[in-house]
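Asker: Generate coordinates for the sequence data below:
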Amino acid sequence: QVQLVESGGGLVQPGGSLRLSCAASGFSLDYYVIGWFRQAPGKQRELVASITSGVTTDYGDSVKGRFTISGDNAKNTVYLQMNSLKPEDTAVYYCTGRPRLGTWRYWGQGTQVTVSS
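Answerer: Residues are numbered from 1 along each chain as shown. Alright, predicted model coming up:
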């Protein structure tokens, strides 16, 4: 059974940091792309970062230089380190997975990140 489980969200002050985790089961990160999307109220879902086979990374323009995605293939887990957080980073963050040449197929339940003083 394929499953993605996010953790690590919460409330943080502007300028602070959080680390999100996405634990995958039922497939291997070696052959998949894992992405982090976010969705704020009234806004479209946005791709924040992705990692292919636990190695190759890509970032959305709004988070470049502040967020870092990484993978631990042995633990089948992907992390999103978020630094210098801004109020506009407030959203529900979703972990998602797809085959390298496929569409986003699997989704986690989402974790809330709130940046506020």
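
Asker: Need phi/psi at the most centrally placed residue in the chain.
Answerer: Residue closest to the average C-alpha location in the chain (Cα atoms, centre = their mean): W36, at 2.8 Å. Main-chain torsions, W36, degrees, to the nearest 10: phi -110, psi 120.

Asker: Please enumerate residues in contact with stretch 73-88?
Answerer: For stretch 73-88, the surrounding residues in contact (Cβ atoms under 8 Å, 6 or more residues apart in numbering) are 12, 14-25, 28-30, 34, 36, 40, 48-49, 51, 53-54, 62-63, 66-72, 89, 93, 95, 113, 115-116. Any C-beta I mention is one placed from the backbone N, CA and C, and that applies to glycine too.

Asker: quick one: buried residues of it?
Answerer: Within stretch 73-88, the residues scored as buried using 16 or more other Cβ atoms under 10 Å are N76, T77, V78, Y79, L80, M82, L85.

Asker: My read is that the residue nearest to the centre of the chain contacts Y93, right?
Answerer: Yes: if you go by Cβ atoms under 8 Å, W36 and Y93 touch, sitting 5.9 Å apart.
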